[in-house]
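Enquirer: Give the three-dimensional model of this entry:
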Amino acid sequence: MERFGDKSARNLLTAIEESKKQGLARFIFALGVRHIGETAAGRLAEHFRSVEAMLSADLEHLSVLYGIGPELAQAWVEHFAVPENRGLVELLLERGVAPEAPKSTVISATLAGKAVVVTGTLKTLSRDEAHALIVAHGGRVGSSVSKKTDFLVAGEAAGSKLAKAEELAITVVSEEEFLEMVKSVAAAF
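Expert: Predicted structure coming up:
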């Protein structure tokens, strides 16, 4: 490269290679999908953990993720329904861009693969603490009840989510029952 010394050229090439290994959340955010900000990108990265998994996500699956909801889910599906947008991601992968999955925070498989929704006011946990426990035990946090929900943690004054869970015959557990399920690390939160 003209006007570059050997060391500068090596540093530039190293920086280019390192830029191909950014985190998945940053990659998702950089795609510029409408309504997907840094927080939503982080939640999508934590849930899907790979570009391939995120490209295959459907509207129903996305809309029940905590913090995503129907508007963001619709924007995501519409974005990747456009062949050029999907093709851009595939081209980036072919060219060596390899977004790294976030470090796993899973400490047990108690809730592995389970979709869990929290509703009502919990006595001993904040909503964020309950969500962190679900994720720490391998579960997925949902924001609404659907046929894909495995169980509902119901606190005091649980409303429409509880009614929907009962209508769909989804298992409902109290905060105490939930804590018993995950008691091995509940004290850590």
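
Enquirer: hang on, H131 packs against V118?
Expert: Yes - contact criterion C-beta atoms under 8 Å: H131 and V118 qualify, at 6.9 Å. Heads up, the C-betas are built off the backbone N, CA and C, glycines and all.

Enquirer: So for those two, which sits in the more crowded spot?
Expert: In this view H131 and V118 are compared by other C-beta atoms under 10 Å, and V118 has more residues nearby, 23 against 17.

Enquirer: Which other helices and strands does the helix or strand hosting the more buried one contact?
Expert: Using DSSP states H and E, V118 maps to strand 115-119. With contacts taken as 3 or more C-beta pairs under 8 Å, 6 or more residues apart in numbering; DSSP states H and E, strand 115-119 sits against helix 127-136, strand 140-142, strand 151-154, helix 160-167.

Enquirer: picking up where we left off before, what's the overlap in contacts for H131 and V118?
Expert: V141 (C-beta atoms under 8 Å, 6 or more residues apart in numbering).

Enquirer: So for the strand holding V118, what gets flagged as buried?
Expert: A115, V116, V117, V118, T119 (16 or more other C-beta atoms under 10 Å).

Enquirer: could you pull out the helices for the protein?
Expert: Assigned by DSSP state H, the chain shows helices spanning 6-19, 24-30, 38-48, 51-55, 59-63, 69-81, 83-94, 127-136, 160-167, 175-181, 183-186.

Enquirer: Now mean pLDDT and distance to G142 too, for those helices, in TSV please.
Expert: Formatted as TSV, those follow (pLDDT from 0 to 100; distance: least, C-beta to C-beta, whole Å):
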stretch	mean pLDDT	distance to G142
helix 6-19	71	34
helix 24-30	87	19
helix 38-48	83	10
helix 51-55	85	17
helix 59-63	80	9
helix 69-81	89	11
helix 83-94	90	26
helix 127-136	85	9
helix 160-167	93	10
helix 175-181	91	14
helix 183-186	56	20
